[in-house]
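1. coords please:
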Amino acid sequence: MGLFRRNGPVVFERYSYGSRRRRWAVPNWLWLLLAGVAIGAGGLWFAQEEYLPARLGPVESKQLKDRVDELERERARLQGALAKAEGDAQAARADAGRLGNELAGARESVERLQKNIALFDDVLPPDPRGGPIGVRGWRFANEGSRLAYHVLLTRQRATGKPFEGVVEFVVTGDRGGRAETISLAPVEVTLGAWQHLKGSLPLPEGLAARQVTVRVLDRAGGALQGMRVLNVR
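-> Residues are numbered from 1 along each chain as shown. This next block holds a predicted model:
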């Protein structure tokens, strides 16, 4: 047995030392992953190019933002206008309710007034002459050198246009122990169903009125519509 002899057989390798390293191979799962990424990117690009809106550039993006801001301001303006309109409508409804109440009150007042007029007409003595316009009530008084008067006139047919005319007072009295009759200045009158005439007219110096004839005319010097001779109380 020699000095370098080995017990077993000596095997010589076919390849060199550098070839002993195991070669690295790409795993199949990595290939699949890369393929999936590529297919996904391609599909996304295709969908964006064919179906989705075109991508905006900086100028288009700014224009779009400006338009959005403009629409937002318009929306805010319209919202304010709507709120104001709702407030105005609510105020109008309140005013309508108030006016409705006032109208109802006015109608009640008119109804009471009509009833009072009807009662007033029944209570007052009729004008014995029975003309279109009656002298239903009166009061005359001597106040110094003036004749104070208060006359109630009524109209038989109080429909349609009001009567417009004049009232003349013909005064009979005493002055210096002698009887005297004068006509005072006519008083204009507009008569619906009834009318109070109240005031005073100047008398000649020293004349004390005892009797007044009330004449209702359609105009000065016109047709007579009513007349009554009344005493001064």
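
2. how about the helix or strand containing Val151: buried residues?
-> Here Val151, judged by DSSP states H and E, is contained in strand 146-155. Residues of strand 146-155 classed as buried under the neighbour-count rule (16 or more other CB atoms under 10 Å) are Leu147, Ala148, Tyr149, Val151, Leu152, Leu153, Thr154, Arg155. For the C-beta atoms, the positions are set from N, CA and C on the backbone; glycine is no exception.

3. tell me the mean pLDDT for it?
-> Averaged across strand 146-155, the pLDDT comes to 92.

4. what's it packed up against?
-> On a contact count with 3 or more CB pairs under 8 Å, 6 or more residues apart in numbering; DSSP states H and E, strand 146-155 meets strand 133-143, strand 163-175, strand 187-191, strand 194-202, strand 208-217.

5. run the chain-centre distance for that strand.
-> Relative to its chain's centre, strand 146-155 lies at 43 Å (CA atoms, centre = their mean, to the nearest Å).

6. got it, and stretch 72-92?
-> Centre to centre, stretch against its chain (CA atoms, centre = their mean), the figure for stretch 72-92 is 16 Å.

7. what strand or helix carries the residue nearest the centre of the chain?
-> In the chain, the centroid-proximal residue (CA atoms, centre = their mean) is Ala92; its distance is 4.7 Å. Counting by DSSP H and E, the element that carries Ala92 is helix 58-123.

8. which secondary structure elements does that helix contact?
-> strand 194-202.

9. return the set of buried residues in stretch 177-193.
-> Per 16+ other CB under 10 Å, stretch 177-193 contains these buried residues: Leu184, Pro186, Val189, Leu191.

10. got the residues you listed as TSV, with distance to Gln63 columns?
-> Listed next are these as TSV, based on distance: CB to CB, whole Å:
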residue	distance to Gln63
Leu184	90
Pro186	84
Val189	79
Leu191	77
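
11. which of those residues sits closest to Gly131?
-> Taking CB to CB as the measure, Leu191 is the one of the buried residues of stretch 177-193 closest to Gly131, at 12.5 Å.

12. coming back round to it: how about the helices and strands packed on strand 146-155 in JSON lines, adding distance to Leu33 and mean pLDDT?
-> Shown next, in JSON lines, are the helices and strands packed on strand 146-155 (distance: least, CB to CB, whole Å; pLDDT from 0 to 100):
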{"stretch": "strand 133-143", "distance to Leu33": "116", "mean pLDDT": "91"}
{"stretch": "strand 163-175", "distance to Leu33": "109", "mean pLDDT": "94"}
{"stretch": "strand 187-191", "distance to Leu33": "107", "mean pLDDT": "93"}
{"stretch": "strand 194-202", "distance to Leu33": "109", "mean pLDDT": "92"}
{"stretch": "strand 208-217", "distance to Leu33": "118", "mean pLDDT": "95"}
